[in-house]
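Colleague: need a structure here:
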Amino acid sequence: MPLMPKRVKYRKSQRGRVKGNAQRGNTVCFGDWGLQALEPAWLSAANIEAGRISCSKFVRGEGKLYIRVFPHKSITSIPLETRMGKGKGEPDFWAAVIRPGQIIYEVAGLPKEAAMECFHRVAHKMPFKCRMIGRRQTF
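Modeller: Numbers count the residues shown, from 1 in each chain. This is a model prediction of the structure:
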């Protein structure tokens with residue numbers, strides 16, 4: 001199941017820079033526990049899928065998994081041993097732009113120890129440092 005947009009206005013996007021912390025998507029909203037990014041990075045669709053598979057295998061029937069990111073950005077590359085010029089390369093993969101503080105996955109219906117073990121497995125598949133945080137209690 002490749003994660004990619006159904007249609008985009010422009011096939012090729014510029015790389016840009018990831019500046020600042022996450023202003024939105026930085027609190028646990030849907031589940032009880034969340035995996036939060038601590039560094040800026042591009043998270044490829046393959047990495048998102050690998051984390052989803054490892055988490056869903058651990059959760060099985062007792063909890064629910066929420067994915068809070070989607071790869072909207074196309075990353076292009078030129079074939080190896082190609083001379084300069086000849087334009088921008090073709091889209092190679094799709095990625096989500098991750099800022100520090102953004103929640104990537106959420107889990108509901110699991111105790112704290114099980115959620116820690118689940119996110120520990122998922123964190124190994126991420127290309128940046130992350131931590132587990134809990135839902136903030138609202139009164």
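Colleague: For the nearest residue to residue 69 once chain neighbours are set aside, give its distance to residue 120.
Modeller: Excluding the flanking residues, the one nearest residue 69 by CB to CB, 6 or more residues apart in numbering is residue 96, at 4.3 Å. For glycine as for every other residue, the C-beta is placed from the backbone atoms N, C-alpha and C. Distance, residue 96 to residue 120, by CB to CB, to the nearest Å: 21 Å.
Colleague: The two: who's more crowded?
Modeller: Comparing residue 96 with residue 120 by neighbour count (other CB atoms under 10 Å), the higher total belongs to residue 96, at 21 against 12.
Colleague: Which stretches in this structure count as helices?
Modeller: With DSSP state H as the criterion, the chain has helices at 45-59, 112-123.
Colleague: mind putting those helices in CSV, distance to residue 12 and mean pLDDT included?
Modeller: Below are the helices of the chain laid out as CSV (distance: least, CB to CB, whole Å; pLDDT from 0 to 100):
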stretch, distance to residue 12, mean pLDDT
helix 45-59, 16, 93
helix 112-123, 30, 94
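Colleague: If anything else comes up later, I'll come back, but that's it for now.
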